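>>> pasting a predicted model and its sequence here:
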Amino acid sequence: MASIEQQRIRNFCIIAHIDHGKSTLADRILEMTGTLTEREMQAQVLDNMDIERERGITIKSQTARVIYRARDGKEYIFNLIDTPGHVDFNYEVSRALAACDGAILVVDASQGIQAQTLANTYLALDHDLEILPVINKIDLPSADPERAAREIEDVIGIEAMDAPRISAKTGENAEEVLEAIVKKLPAPGGDAENPLQALIFDSLYDSYRGVIIFCRIKEGSVRKGTPIRLMASGAEFSVTEVGYFGPGRFIPCEELSAGMVGYLTASIKNIRDARVGDTVTSAQRPAEKPLPGYKKVQSMVFCGIYPADTTKYPDLRDALEKLQLNDAALRYEPETSAALGFGFRCGFLGLLHLDVIQERLEREYGLDLVTTAPSVVYHVYKTDGSRIELTNPSNLPDPSEIDHIEEPIVKAEIMVTSEFIGPIMKLCQERRGIYQETEYIESTRAVLRYELPLNEIIYDFFDALKSRSRGYASFDYELSSYRTGKMVKLDILVNKQQIDALSFIVHADSAYERGKKMCEKLKNEIPRQLFEIPIQAAIGGHVQARETIKALRKDVLAKCYGGDVSRKKKLLEKQKEGKKRMRQFGNVEIPQSAFMSVLKLDE
Amino acid sequence: MDRIYRRMCGLSPIQEGQKEAKLLELYLHIPFCARKCSYCDFLSFSVNAREHAPYIGKLCQELSLFSKAASDYEISSVFIGGGTPSVLDPHFIEALLQTIREHYHLRDDAEITIEVNPASTLRYKFASYLRSGINRLSIGLQSANNEELHRLGRIHIFEDFLKCYQGARLEGFQNISIDLMKNIPGQTPASWRKSLKNVIMLKPEHLSLYDLIVEEGTPFYELDRKGELELPDEDMEEEIDEIAKELTEKHGYSRYEISNYARPGYFCRHNYGYWSNIPYLGFGLGASSCFEGSRWHNLRDLSDYLTLDLRKDAEAGCPKLREEYKKLSRRDEINEFLFLGLRRTAGVSEIDFVSRFSVDLFSIFGPSLKRFLRQGLLVKENARLYFTERGMMISNMLLSQLLLEENI
């Protein structure tokens, strides 16, 4: 494999706004290069996980190496790294970009540039990637490729008039993309004779081989037997295997050298020794400096995750540990709740990330979970001068000890057609947004820039945005600063007993409204029980809102004769299963779903 | 045998060394109706009367075919239910009972019940029923309010019922049960009081007072989903239950099960058996059986039943006739003991439990039982456990709690 010249390698990724056809183009590239037979070709092959396939989103970056015989008669190696499109997963995008020399920017011919088109393009430019624009979905009746090309030139400022106009879905013109990759994207640099420097851009844990490191060789080369050192941790290992990525499988090879993308294993048992972003070098001839890593991931949203069955705590711990091996963005640490017992406070990139993790824990590890209301990280300044990073609302100190609280603020870019500017501005106003500016991309489309408190957007902002713009608005944000806010902790009391896991932090101005909705929501979530149950929302002992769940009066099966016994038994079993998903607090049973109800206050 | 059942039936306790009679109940299903009611999810059809004869023929064949398995048993009750058995020509009923007498050991004191519809029961049928040995009638009245009857999709009016009841008494029936339904759409506490009063005035021996259950697959279910079924609200429901309690107590009916009330000595022995672990064999379309530790029901497709070669199928172990055949596990039996037994106001006997399962009831259900006792939902008295009225009202919730916390 070493004989392949560097000149004939292209390392690239595909970036796009969500749903602009990134994964479809990736499939098309694999298909056209003959990597997959028809039979193997299943829609969106690079989306591996069940959840990704089901939701039609890419979460983890996937990598595939394909060989393309170009019109110049030569064979080229393409290392294609698929990237996620959702705003929550920008971090993953940035990891993938670090392994590439170029990026294909896919733009939907009918939708034009969207918020994440911009965000991802800027990310790619930050990594000094060459950008190849591709205009997709020309088969749609509403397609306007010329307008899309103009937008790319005007807004991003890159040449786009000769960008391939394709339909990844039908395959029309897709061959042009392959040629453009050869001609427009650069070959990797680096020298195979230099000391080894390989950037870890992802990793995977395999119970037989240990950690599998996904890396981009920037300098030098590595082969089986090479003693390596991981520069951040200093740990040393001997390489047991190197190889590259076939779609969905690993293909071992002799050597990986400068410019190549592939994997290596070295019987690394502890994932912490091989952190994503670290540099692998040779233990015998080490490089002087590690490669610049990339931005450390920042958890934006935290929530408590508890096993529904308290005895499953060790199982949950193991599952989180395993998930983290594949998802460096997931953070967790143990915590205890008076209400829920032992569990973990987990940090996520955003709500979708939280959702995906929760679903994977339930589906892949068969766990039944109780998840508490998500919260952002607040900076609490105490009167004694100390500062707390608060990830769990119930740890908020007594108000008398608090000097002030700062909340995270994001810079948001909302791209919207002019007719919806009014409603969207109103929405941002409601969410305590501070208007920055409006920039027109063309006569009918504009980017609105706002500063918004993160806690106003993590729950349902995206949905609200979509519904108020009939689906047309797109949205991207990044954390910008912390700012003092009038934040208060709203406590929820069920049957006069405070349930710590239900507390949440809100802005004082909306506390009453939120408290009231929370009580109404819980009234519907908590089934009637033997006695009447008051539900109260309180700030520092002062009740703001109250609802009452009436006592259960009747729950009896009128008829049960010979033919009804089996049915009755099933009914009781069902009722029993329902009870299993409840948590007992004193005399009151609260179903798991209640803990997430704060999320749905606007429904 | 279940002690509480034995006491209810007035059977003398067995002496040392004496062999206890093994009791068995027979249920015969008649899946025919003149018309299907709006709330009914039972297995019934309105078919041409030409279909009746082949069906009865099949039923008789089934009865005789399986009598051998029951040769050790004494038949304590026969229940002919439906559907509407009274739509049949009465000589079919005579034929069925004839078959039973020929092939089974029918006890002299056996309770033999037939369900009748007020509209289809002419007086000559009662005479014929009596001749065939039927000694108990169960009349499906449902309401004494004609508007409510209409809303239920019943084919009769109250006056039909009066005529029917009168006829039965005149012919000589001395044990009559009447079904009434609570929480009918549009029902009010006042209309319920009137229905119940009208019925009690006639002094039937037995009353079954059911709550309407909106079952999936019925016209009512569809209406309810569309929000067009006006069921009494919770307060009314409670009032309706209060009235039931008040009037039955006042007129000498005692509640012996969640929905059943009787004057002294007139409880339904057949139904009591279902809640007391008395085995039963069901014959006919879809009929359920619980026999020698297994439960099953017959197939539910009428034309399949009519064309099935019963003899051949029986030789192969009834793969076609019997569906959902299930051998009960110890856990199943323990659960059934409780959730069926506790339907009875007399409750369950701890001694019965120990003698059947060789383990103490409290060692399996202790925590929840003790909690219910403390909360006043359950009473323990002379090694007998029974729900209080409040406990019975929410028995589903309590029983599911028991199942959840069981320690088998």
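Alright, I've got the coordinates.
>>> give the full set of residues in contact with the closest residue to chain B within the stretch 351-500 of chain A.
Distances between the stretch 351-500 of chain A and chain B by CB to the nearest CB are smallest at residue A:368, namely 14.2 Å. Heads up, the C-betas are built off the backbone N, CA and C, glycines and all. Neighbouring residues of residue A:368 by CB atoms under 8 Å, 6 or more residues apart in numbering or on different chains: A:307-309, A:312, A:362, A:580-581, A:592.
>>> could you redo the last one with a cut-off of 6 Å?
Residue A:368 sits next to residue A:308 when contact means CB atoms under 6 Å, 6 or more residues apart in numbering or on different chains.
>>> distance of it relative to residue B:400?
18 Å (CB to CB, to the nearest Å).
>>> how about residue A:440?
Residue A:440 is 62 Å from residue B:400, by CB to CB.
>>> more neighbours: these two, which one.
Counted by other CB atoms under 10 Å in any protein chain shown, residue A:440 and residue B:400 do not tie: residue B:400 has more neighbours, with 22 against 10.
>>> before we move on, what SS does the residue nearest to the more buried one when sequence neighbours are not counted have?
Nearest residue to residue B:400 in three dimensions, chain neighbours excluded: residue A:575, at 3.7 Å (CB to CB, 6 or more residues apart in numbering or on different chains). The assignment at residue A:575 comes out as helix when based on DSSP: H, G, I helix; E, B strand; the rest coil.
>>> neighbours around whichever residue of the stretch 201-350 of chain A sits closest to chain B, how many?
Of the residues in the stretch 201-350 of chain A, the one nearest chain B is residue A:309, at a distance of 12.0 Å by CB to the nearest CB. Number of residues near residue A:309 (other CB under 10 Å) recorded here: 15.
>>> contacting residues around it?
No residues are in contact with residue A:309 under the rule CB under 6 Å, 6+ apart.
>>> let's see it at 7 Å
By CB atoms under 7 Å, 6 or more residues apart in numbering or on different chains, the contact set of residue A:309 is residue A:368.
>>> same check, this time on the one 10 residues further on
Shown here is residue A:319, whose contacts under the criterion CB under 7 Å, 6+ apart are A:361, A:365, A:367.
>>> helix or strand: which one has it?
Element membership for residue A:319 (DSSP states H and E) is helix A:313-326.
>>> which residues of the stretch 451-600 of chain A fall in helices?
Listed in chain order, the helices of the stretch 451-600 of chain A (DSSP state H, counting those that start in this stretch) span A:454-457, A:461-468, A:511-525, A:565-580.
>>> name the helices or strands packed onto the last one?
With contacts defined as 3 or more CB pairs under 7 Å, 6 or more residues apart in numbering or on different chains; DSSP states H and E, the packing partners of helix A:565-580 are helix B:330-341, helix B:395-405.
>>> and the residue of the stretch 301-408 of chain B nearest chain A?
Closest approach between the stretch 301-408 of chain B and chain A, counting by CB to the nearest CB: residue B:400, at 3.7 Å.
>>> so that residue touches residue A:576, yeah?
Yes: the criterion here is CB atoms under 7 Å, and residue B:400 meets it with residue A:576 at 4.5 Å.
>>> who in chain A is up against chain B?
Residues of chain A lying near chain B by CB under 7 Å from any CB of the partner chain: A:530, A:552-563, A:565-566, A:568-569, A:572, A:575-576, A:579-580.
>>> now those: which count as buried?
A:530, A:552, A:554-557, A:560-563, A:565-566, A:568-569, A:572, A:575-576, A:579 (16 or more other CB atoms under 10 Å in any protein chain shown).
>>> now do the helices in chain A.
A:22-32, A:50-55, A:90-98, A:115-126, A:145-151, A:174-184, A:313-326, A:351-364, A:421-430, A:454-457, A:461-468, A:511-525, A:565-580 (DSSP state H).
>>> could I get the ones you listed as JSON lines with mean pLDDT?
Formatted as JSON lines, the helices of chain A follow (pLDDT from 0 to 100):
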{"stretch": "helix A:22-32", "mean pLDDT": "83"}
{"stretch": "helix A:50-55", "mean pLDDT": "52"}
{"stretch": "helix A:90-98", "mean pLDDT": "72"}
{"stretch": "helix A:115-126", "mean pLDDT": "82"}
{"stretch": "helix A:145-151", "mean pLDDT": "90"}
{"stretch": "helix A:174-184", "mean pLDDT": "91"}
{"stretch": "helix A:313-326", "mean pLDDT": "86"}
{"stretch": "helix A:351-364", "mean pLDDT": "84"}
{"stretch": "helix A:421-430", "mean pLDDT": "92"}
{"stretch": "helix A:454-457", "mean pLDDT": "88"}
{"stretch": "helix A:461-468", "mean pLDDT": "83"}
{"stretch": "helix A:511-525", "mean pLDDT": "90"}
{"stretch": "helix A:565-580", "mean pLDDT": "85"}
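>>> pull up the gap between residue B:131 and residue B:112, please.
Distance, residue B:131 to residue B:112, using CB to CB: 12 Å.
>>> most packed of the helices of the stretch 451-600 of chain A?
helix A:454-457 (a mean of 23; mean count of other CB atoms under 10 Å in any protein chain shown).
>>> other SSEs contacting it?
strand A:402-417.
>>> taking helix A:115-126 as reference, get the angle to the strand it packs on.
100 degrees (axes from the mean of the first three to the mean of the last three CA atoms, to 10 degrees).
>>> and strand A:402-417, what does it pack against?
Using 3+ CB pairs under 7 Å, 6+ apart, strand A:402-417 is in contact with helix A:115-126, strand A:378-382, strand A:445-453, helix A:454-457, strand A:474-485.
>>> swap the cut-off to 8 Å and go again
Other helices and strands packing on strand A:402-417, by 3 or more CB pairs under 8 Å, 6 or more residues apart in numbering or on different chains; DSSP states H and E, are helix A:115-126, strand A:378-382, helix A:421-430, strand A:445-453, helix A:454-457, strand A:474-485.
>>> tally of neighbours for residue B:46?
For residue B:46, the tally of surrounding residues (other CB under 10 Å) stands at 12.
>>> near chain A, which residues of the stretch 1-150 of chain B?
For the stretch 1-150 of chain B, the residues in contact with chain A (CB under 8 Å from any CB of the partner chain) are residue B:27.
>>> from the stretch 1-150 of chain B, which residue is nearest to chain A?
Nearest to chain A, among the residues of the stretch 1-150 of chain B, is residue B:27, at 5.8 Å (CB to the nearest CB).
>>> list the contacts of residue 284.
Since you didn't name a chain, this refers to chain A. Taking CB under 8 Å, 6+ apart, we find residue A:284 in contact with residue A:227.
>>> oops, chain B please
Listed by CB under 8 Å, 6+ apart, the contact partners of residue B:284 are B:28-31, B:55, B:58-59, B:62, B:298, B:305.
>>> please apply the same query to residue B:11.
Going by CB under 8 Å, 6+ apart, residue B:11 touches residue B:1.
>>> close to chain A, is stretch B:234-245?
Yes: with CB under 8 Å from any CB as the criterion, chain A is reached by stretch B:234-245 at B:234, B:237-238, B:241.
>>> any residues touching that stretch, and which ones?
Stretch B:234-245 is contacted from outside by A:553-554, B:182-183, B:187-189, B:192-193, B:196, B:209, B:232, B:255, B:389, B:393, using CB under 8 Å, 6+ apart.
>>> report the buried members of those.
Using 16+ other CB under 10 Å, the buried members of those are A:554, B:182-183, B:187, B:189, B:192-193, B:196, B:209, B:232, B:255, B:393.
>>> now render these as a markdown table, adding secondary structure and pLDDT.
What follows is the buried ones among the contacts of stretch B:234-245, written out as a markdown table (DSSP: H, G, I helix; E, B strand; the rest coil; pLDDT from 0 to 100):
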| residue | secondary structure | pLDDT |
| --- | --- | --- |
| A:554 | coil | 91 |
| B:182 | strand | 96 |
| B:183 | coil | 93 |
| B:187 | coil | 95 |
| B:189 | helix | 96 |
| B:192 | helix | 97 |
| B:193 | helix | 97 |
| B:196 | helix | 97 |
| B:209 | strand | 97 |
| B:232 | coil | 92 |
| B:255 | strand | 97 |
| B:393 | helix | 94 |
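>>> with distance to residue A:220 added, can I get those in a markdown table?
Compiled in a markdown table, the buried ones among the contacts of stretch B:234-245 are given as follows (distance: CB to CB, whole Å):
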| residue | distance to residue A:220 |
| --- | --- |
| A:554 | 77 |
| B:182 | 85 |
| B:183 | 82 |
| B:187 | 87 |
| B:189 | 90 |
| B:192 | 90 |
| B:193 | 95 |
| B:196 | 94 |
| B:209 | 88 |
| B:232 | 83 |
| B:255 | 89 |
| B:393 | 79 |
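>>> I'm done for today, thanks for sticking with me.
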